[in-house]
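Novice: below are the sequence and a predicted model; questions follow.
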Amino acid sequence: MSSTLDTSDVDRWVGQPVGGGQMKDPVHVNDIRRWAQGMQNPNPLYFDEEYAAESRFGQIVAPQSFAVCCSDSHGAGPAIQGHIPGQHMIFGGDEWWFYGPRIFPGDQIRLDRMFFDYKVRDTKFAGPTMFSRGDTLYINQRGEVVARQRSTSVRYIAEEARRRGLFSKLEEATWADEALAELEEQKFAYYATFLELGHARRLDVRDGEKLPTRPIGPHSIATFTTEWRSYLMTVWGAFRDDHVPSSLHQAGWLPEMSRDLEGAKIDPSQADGLYKGPSRGHVQKRFAQLIGMPREYGYGATMGAWILDYLTNWVGEWGEVIHSNMQYRAPALAGDVTYLNGEVVGIGHESHSGEPVATVQVTMTNQRDEVMASGRAEVRLPTE
């Protein structure tokens, strides 16, 4: 198969509304609890009804990261339009705008989607590579826009990535019991930072302030599967097609990574994505290697959720992320540990409200000190 990236079918989708699945049912409180569990985020605001009742919200509220859980494609579907033979895709980044409304149990979220743009450049990973962007609006039952997600999909020829083997020499890490015990201590030290803040306001944030380190891992097939199952799109029958045109399922996936949509009418696992479809490489080594990864690996949308949770855990329930723009550079591989670090690099004020806003530089690394993701976010700070 040629490593040429044929984009001739992509152009007709640029700037066009695209379709996909829409949630059939309102958000359930257990959807939020399952999300917090899958994202390894033990903030009781998102699962403990007694704790949440004492919060500013008076009940369990979804974390801001939960918006992507209301999509049927991690929000990436609008960016995977047009047929490219022999392609696969990984996540290249997410930009988020949040407009104020939060998601609560009982809310009904619908999606409006559009393929935004694309560019092609040469990469070490796969040679000619497309970076395509698509927008998803998350809108509640009152017509309020909760958030906009601009997702970047990295589309490449799987055979070329497999031939180059950029990540092939990365052997799976092993962790001694002492190292695992130390890691657990680091996790509990991080959890203490938001549990001690509790329902209070984070005041007196200063330029140059360092956020606490958040460790996650070691990643494994079990953690990747738990993440996957926390996404509502993985629940049989949870979404219905809105019948707006989309070429997501005809994007040029390898046969081994394609869904059996006809078979799924009898057995939904045939189009599950994880058992059969584009996501099976996340938990099955041989399919990971088929698309250029050395072994099982994590989800780009989850990396984005980790970052949003990291920021909102830090600022507390009286603040919120209003904008985040993160680029993903390397996957979370099985056996790896992920570390999130942040620093306040500026304090300003919103032009329309005058409320204080912190600009935070976020960096995600692994135990090899490789940068997995980085970018900046604007976080609205609480006031007295």
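Specialist: Arrived safely, thanks for sending.

Novice: and the helices in the stretch 51-200 of the chain?
Specialist: Applying DSSP state H, counting those that start in this stretch to the stretch 51-200 of the chain gives helices spanning 158-164, 177-197.

Novice: with adjacent residues omitted, what lies nearest to Val154?
Specialist: The shortest distance from Val154 to any non-neighbouring residue, by C-beta to C-beta, 6 or more residues apart in numbering, is to Gly92 (4.2 Å). (Each C-beta comes from the backbone N, C-alpha and C, glycine too.)

Novice: just checking, the one you found touches Tyr328?
Specialist: Yes - Gly92 is in contact with Tyr328 according to C-beta atoms under 8 Å; the separation is 5.8 Å.

Novice: what touches both of those two?
Specialist: Common neighbours of Gly92 and Tyr328, using C-beta atoms under 8 Å, 6 or more residues apart in numbering, are Gly300.

Novice: which stretch in the helices of the stretch 51-200 of the chain has the least confidence?
Specialist: The weakest mean pLDDT among the helices of the stretch 51-200 of the chain belongs to helix 158-164, with a mean of 94.

Novice: please save the CA atoms from that one in CSV.
Specialist: Backbone C-alpha positions of helix 158-164 (Å, rounded to 0.1, in the frame of the first residue of the first chain) are rendered in CSV as follows:
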residue,chain,number,x,y,z
ALA,A,158,-0.8,3.0,9.3
GLU,A,159,1.6,1.0,7.2
GLU,A,160,4.1,3.8,7.1
ALA,A,161,3.9,4.3,10.8
ARG,A,162,4.5,0.6,11.4
ARG,A,163,7.5,0.6,9.0
ARG,A,164,9.1,3.6,10.8
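
Novice: pLDDT (mean, whole number) over the helix or strand containing Asn30?
Specialist: Element membership for Asn30 (DSSP states H and E) is helix 29-38. On average, the pLDDT along helix 29-38 is 98.

Novice: okay, buried residues for it please.
Specialist: Val29, Asp31, Ile32, Arg33, Arg34, Trp35, Ala36, Gln37, Gly38 (16 or more other C-beta atoms under 10 Å).

Novice: would you reformat the residues you listed as CSV and include distance to Pro101?
Specialist: Output for the buried residues of helix 29-38, formatted as CSV (distance: C-beta to C-beta, whole Å):
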residue, distance to Pro101
Val29, 18
Asp31, 17
Ile32, 15
Arg33, 21
Arg34, 22
Trp35, 18
Ala36, 19
Gln37, 24
Gly38, 23
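
Novice: just flag the most distant two among the residues you listed.
Specialist: Val29 and Gly38 (15.0 Å; C-beta to C-beta).

Novice: return the distance of the residue nearest to Leu254 when sequence neighbours are not counted relative to Trp253.
Specialist: Excluding its sequence neighbours, the residue lying closest to Leu254 (C-beta to C-beta, 6+ apart) is Ala158, at 5.7 Å. Going from Ala158 to Trp253 by C-beta to C-beta, to the nearest Å gives 9 Å.

Novice: kindly report the same for Phe194.
Specialist: The gap separating Phe194 from Trp253 is 40 Å, by C-beta to C-beta.

Novice: how much space separates Arg376 from Glu262?
Specialist: For Arg376, the distance to Glu262 - C-beta to C-beta - is 45 Å.

Novice: cool, Ala377 as well?
Specialist: Taken as C-beta to C-beta, the span from Ala377 to Glu262 is 43 Å.

Novice: so those two - more neighbours on which side?
Specialist: Ala377 (23 against 9; other C-beta atoms under 10 Å).

Novice: now that one. Nearest residue, chain neighbours left out?
Specialist: That would be Ser324: by C-beta to C-beta, 6+ apart, it lies 3.9 Å from Ala377.

Novice: pretty sure that neighbour contacts Ala67?
Specialist: No - the pair Ser324 / Ala67 is not scored as a contact, 11.5 Å apart, by C-beta under 8 Å.

Novice: overlap of the contact sets of those two?
Specialist: Trp96.

Novice: these two touch, right, the residue nearest to Leu254 and Gln87?
Specialist: Yes - assessed by C-beta under 8 Å, Ala158 is found in contact with Gln87 at 6.8 Å.

Novice: torsion angles phi and psi at Asp336?
Specialist: phi -80, psi 160 (degrees, to the nearest 10).

Novice: relative to Val18, how far out is it?
Specialist: Per C-beta to C-beta, Asp336 is found 33 Å from Val18.

Novice: pull the CA atoms of stretch 36-46 into CSV?
Specialist: Presented in CSV, the C-alpha positions along stretch 36-46 are these (Å, rounded to 0.1, in the frame of the first residue of the first chain):
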residue,chain,number,x,y,z
ALA,A,36,-14.9,10.3,37.9
GLN,A,37,-14.0,6.7,38.6
GLY,A,38,-12.7,6.1,35.0
MET,A,39,-10.7,9.2,35.0
GLN,A,40,-9.1,8.2,38.4
ASN,A,41,-10.3,11.4,40.0
PRO,A,42,-11.4,10.9,43.6
ASN,A,43,-12.9,14.3,44.1
PRO,A,44,-16.0,13.7,46.2
LEU,A,45,-17.8,16.6,44.6
TYR,A,46,-18.5,14.2,41.7
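
Novice: contact partners of it?
Specialist: Against stretch 36-46 from outside (C-beta under 8 Å, 6+ apart): 32-33, 35, 47, 51-52, 55, 57, 60-63, 65, 191, 194-195, 216, 223, 226-231, 302, 305-306, 309, 313, 317.

Novice: drop anything exposed from the residues you listed.
Specialist: 32-33, 35, 47, 51-52, 55, 60-63, 65, 191, 194, 216, 223, 227-228, 230-231, 302, 305-306, 309, 313, 317.
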